[in-house]
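[1] Need coordinates for the below:
(one chain, ligands or ions: 2)
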Amino acid sequence: MVEEVLRDPRARGARAGTASGQKPRPLAAVTAGAALRRTTGLAELDRVLGGGLVAGSVVLVGGDPGIGKSTLALQACGALARQGLPVLYVAGEESPEQVRLRADRLGMAEAGVLVVAETAAEAVAELIGETHPAAVVVDSIQTLHTGALGSAPGSVGQVRESAALLVARAKASGVACFLIGHVTKEGTLAGPRVLEHLVDTVLYFEGDGAHALRVLRAVKNRFGSTNEVAVFEMGEGGLAEVPNPSAAFLAERPVGAPGSAVLATLEGSRPLLVEIQALVSHSGLAMPRRTAIGLDPGRVALLLAVLEKRMRLPLHDQDVFLNVAGGLRVDEPAADLAVVAAVASSARGRALADDVVVWGEVGLTGEVRAVGRAEARLREAARQGFRRCVLPASNARGLAVDGTRAEGVAALDQLFEVLALA
Ligand code: TYD
Ligand code: MG
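    Ligands and ions are numbered 1, 2, ... in the order given. Presented below is the predicted three-dimensional model:
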């Protein structure tokens, strides 16, 4: 059950039935100036935002606890403050002292960031009116509550109403607003997902706590393209940009080990090399285990079935584990061919050559289908020093980059041949 606020439709400012007083006008008469954008001082963050922070926009930053949301927000605050812009940091989870400690760690203690510990949404809206900041960070939206509802802070209704209040204030005053939200274990309940439709931009932080690499992904952006990613590294002095993400994702790749394949994936506009790892081992279970981290389990099940049926690879009595090294999520069908190669390599106990990159979509009959931007992927592979690319035959025609060979395959049996897995 989710508590809702009943509004009097006659009251001023009520959402239902309020007229804006505007008359329809020709579209041609509407002037659309470029939105006012400010650099956040973190070039990678600017990129996922679509070229900077837009005044009056609301950005939701979601992710697991401990992934670095507060750190990112505070670093952005520091950089904005250093440009002489007033910024307000609303700490709902931590005390101002704790925020100060983090700021010390990030080397930005003397930056002119205003901080306040506040959890009442109305009070935050008022503070925005009083301090006129260029940007405000609410850390986290789950700690806010509004007097309009009787339910506990953190409940779906509270999170949604509080966010709606701040969104309205941001739009009215031109203040850019970062809302930080934890992803709950269930992924949905009272989490950032209930806010996605309210805000302009949704950024999700990915990565596993054990590794320093963090990926910030735009899943919605009214001011830029979605599916852009930024890659950061969490270090002693906070989040740092990673200049060569492919190299970072491949840094710990084992050489000459079966079960490892390098994939050229496309993240937004950017080609990225990542390692797909597979482990196929005999199972003592009636229902062998299938575990896929960073990949769609349904897709993986499909690929294993294709391998079993078309390539006669006996997997029905084997546990299969798959992992995208570095904590990245790969949702592209182009990952299929690398998944297949990694699984076959582990099952056969034969390592792939370590200078080969693989990508392409696999169909149900074992055919290899074309995917987009083959040339960009090939160039990235060449830039990282790989000499061979195995890709869909229909993409490979006429494709050439100095020093790196494009080897087209039309079906899985050809893949097995060129990778010496047959
Ligand atoms: P934090 O931003 O508090 O995460 P969130 O707000 O998403 O819960 O980051 C917490 C982790 O980052 C914590 O494990 C400590 C680590 N960290 C660093 O490694 N270096 C740093 O400079 C900072 C500030 C944090
Ligand atoms: Mg935090």
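[2] can you tell me the residue of the stretch 151-300 of the chain closest to ligand 1?
    Closest to ligand 1 within the stretch 151-300 of the chain is residue 238: 3.9 Å, counting by CB to the nearest ligand atom. (C-beta placed from N, C-alpha, C; glycine too.)
[3] Let me know how buried that residue is, in neighbour terms.
    For residue 238, the tally of surrounding residues (other CB atoms under 10 Å) stands at 21.
[4] beta partners for it?
    Beta-bridge pairing of residue 238 under DSSP bridges involves residue 235.
[5] Can you name the residues of the stretch 151-300 of the chain that neighbour ligand 1?
    Counting by CB under 6 Å from any ligand atom, the stretch 151-300 of the chain comes close to ligand 1 at 234, 236-238.
[6] which of those has the most neighbours?
    Among those, residue 238 has the most neighbours (other CB under 10 Å), with 21 neighbours.
[7] Surely that one and residue 75 touch.
    Yes: Residue 238 is within contact range of residue 75, at 5.5 Å (criterion: CB atoms under 8 Å).
[8] Show me where the protein dips below the pLDDT cut-off.
    8-20, 33-34, 184-191, 209 (pLDDT under 70).
[9] I'd say residue 146 and residue 160 touch.
    No: the criterion here is CB under 8 Å, and residue 146 misses it with residue 160 at 9.7 Å.
[10] so what secondary structure elements neighbour the helix or strand residue 406 falls within?
    Using DSSP states H and E, residue 406 falls within strand 405-409. Counting contacts by 3 or more CB pairs under 8 Å, 6 or more residues apart in numbering; DSSP states H and E, strand 405-409 packs against strand 388-392, helix 393-396, helix 412-418.
[11] Tell me the spacing between the residue of the stretch 151-300 of the chain closest to ligand 1 and residue 117.
    When CB to CB, to the nearest Å is the yardstick, residue 238 and residue 117 sit 21 Å from each other.
[12] Pick the most buried one from the helices and strands packed on strand 405-409.
    Stretch with highest mean neighbour count among the helices and strands packed on strand 405-409: strand 388-392 (a mean of 24; mean count of other CB atoms under 10 Å).
[13] Give me the helices and strands touching that one, please.
    With contacts defined as 3+ CB pairs under 8 Å, 6+ apart, strand 388-392 has these neighbours: helix 336-348, strand 356-358, helix 374-383, strand 405-409.
[14] Mean neighbour count and distance to ligand 1 for these - can I get that in TSV?
    Conversion of those to TSV gives the following (neighbours: other CB atoms under 10 Å; distance: least, CB to the nearest ligand atom, whole Å):
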stretch	mean neighbour count	distance to ligand 1
helix 336-348	26	30
strand 356-358	24	31
helix 374-383	20	29
strand 405-409	19	41
